[in-house]
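Visitor: sequence? don't have it. structure:
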């Protein structure tokens, strides 16, 4: 919601990767960093790049472990080391081999690279949703991978049939 008290999450679209009784974990997918791209990251990690390496923006994934990388990608790619199946359409990999594959022009067809993640303890996310801090909608590949970052927040609202102009910080019960 626009009135989010934490400026790190203002107008954020978060793709939820894991949810259980122990808490939740997601990646902010609409906030690219100002100047960090995959090619820069590969140089820092001393991973060699081919001419086929894709130039992908690196996103702020959330305030937790912001030095750790995560790649949200289409389900068609699976790391030889470790990939978390999120849904039938999405997966997440947090090992160097996916960066090595991307550096060689291989890897997933669609990918969002993030540093850090958003995390919630047991019951915390449910409490924040009850306080009208978050709205939820189903993710689809078009919204996640095809919509420009600057338009994802409004596109997610549109999926819910909501205009940003009609949002209110007040919650109520009828």
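Guide: Thanks, I have it. Source: prediction; values computed, not measured. Numbers count the residues shown, from 1 in each chain.
Visitor: buried ones in stretch 156-167?
Guide: 156-157 (16 or more other Cβ atoms under 10 Å). Glycine gets a C-beta too; all of them are placed from N, C-alpha and C.
Visitor: Just give me how far that stretch sits from the chain centre.
Guide: If you compare the mean C-alpha spot of stretch 156-167 with that of the full chain, they lie 20 Å apart, counting by Cα atoms, centre = their mean, to the nearest Å.
Visitor: What's the first helix or strand after the least confident helix or strand in the chain by mean pLDDT?
Guide: Within the chain, confidence by mean pLDDT, DSSP states H and E is lowest for helix 124-130 among all helices and strands, at a mean of 89. Scanning the chain past helix 124-130 towards its C-terminal end, the next helix or strand to appear is helix 141 (assignment: DSSP states H and E).
Visitor: isn't residue 121 right next to residue 25, touching?
Guide: No - shown here, residue 121 and residue 25 do not form a contact pair, counting by Cβ atoms under 8 Å, at 10.9 Å.
Visitor: Compare those two and say which is more crowded by neighbours.
Guide: The neighbour count for residue 121 versus residue 25, taken as other Cβ atoms under 10 Å, is higher for residue 25 (21 against 10).
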